[in-house]
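Student: this one's sequence-less:
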């Protein structure tokens, strides 16, 4: 027994034990809830956010836009000729490419930005408080970093490229979130 336990009555010790068990159960439940939220918001393959999370975040950012009067930019990134990667190197290698591209994006953007696996080989990035010129600069930076990734299989190596489209909701401007998506898609 610890010195504290020696000073507690039997009822007090049982109450303390019961309280500690309840706290442990609550902490375990909170951890499981957090894991489920992560599971619900993230793409299982790449770790990027998923399309549902993207829709919610874009809606929130566009709704917040008039209050802060700062630009919101968006990138749509598509891995060029991705079908050829799967056809030539196999789907496991294609998965590796997707994971590497997602990691490159997430390691390049700010914590306040949102990287999303938008579809198959497409990624979207929401850039709050970011002007069009900065989004264009980031798009080029990502394009260059991704083009330097090297993959190997069957004793050979290969590289990939990507195309990036940008769009912006400038300070004081009014647009729907889907308009931003459409403009980035057209720029892509």
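Tutor: Ah, there it is. Remember, predicted model here, so these are calculated numbers, not experimental data.
Student: quick one, strands of the chain?
Tutor: For the chain, strands defined by DSSP state E occupy the ranges 72-79, 114-119, 122-128, 150-153, 156-159, 162-169.
Student: As TSV, those with mean neighbour count would be great.
Tutor: Any C-beta I mention is one placed from the backbone N, CA and C, and that applies to glycine too. Listed next are those as TSV, based on neighbours: other C-beta atoms under 10 Å:
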stretch	mean neighbour count
strand 72-79	24
strand 114-119	22
strand 122-128	24
strand 150-153	12
strand 156-159	11
strand 162-169	21
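Student: Which stretch among the ones you listed approaches residue 48 most closely?
Tutor: With C-beta to C-beta, the closest approach to residue 48 among the strands of the chain belongs to strand 114-119: 4.4 Å.
Student: Any idea how many residues pack against the nearest residue to residue 131 once chain neighbours are set aside?
Tutor: The shortest distance from residue 131 to any residue other than its chain neighbours is 4.7 Å, reached at residue 71 (C-beta to C-beta, 6 or more residues apart in numbering). Applying other C-beta atoms under 10 Å, we find 21 residues neighbouring residue 71.
Student: cool, residue 121 as well?
Tutor: 21.
Student: circling back: state the pLDDT value of the residue nearest to residue 131.
Tutor: As summarised for this prediction, residue 71 has a pLDDT of 94.
Student: Looks like residue 119 contacts residue 51 (just checking).
Tutor: Yes. With contact defined as C-beta atoms under 8 Å, residue 119 counts as touching residue 51 (7.4 Å).
Student: returning to that earlier point: is it possible to get a markdown table of the strands of the chain that adds distance to residue 179?
Tutor: Supplementary listing: the strands of the chain in a markdown table, determined by distance: least, C-beta to C-beta, whole Å:
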| stretch | distance to residue 179 |
| --- | --- |
| strand 72-79 | 10 |
| strand 114-119 | 16 |
| strand 122-128 | 14 |
| strand 150-153 | 36 |
| strand 156-159 | 34 |
| strand 162-169 | 8 |
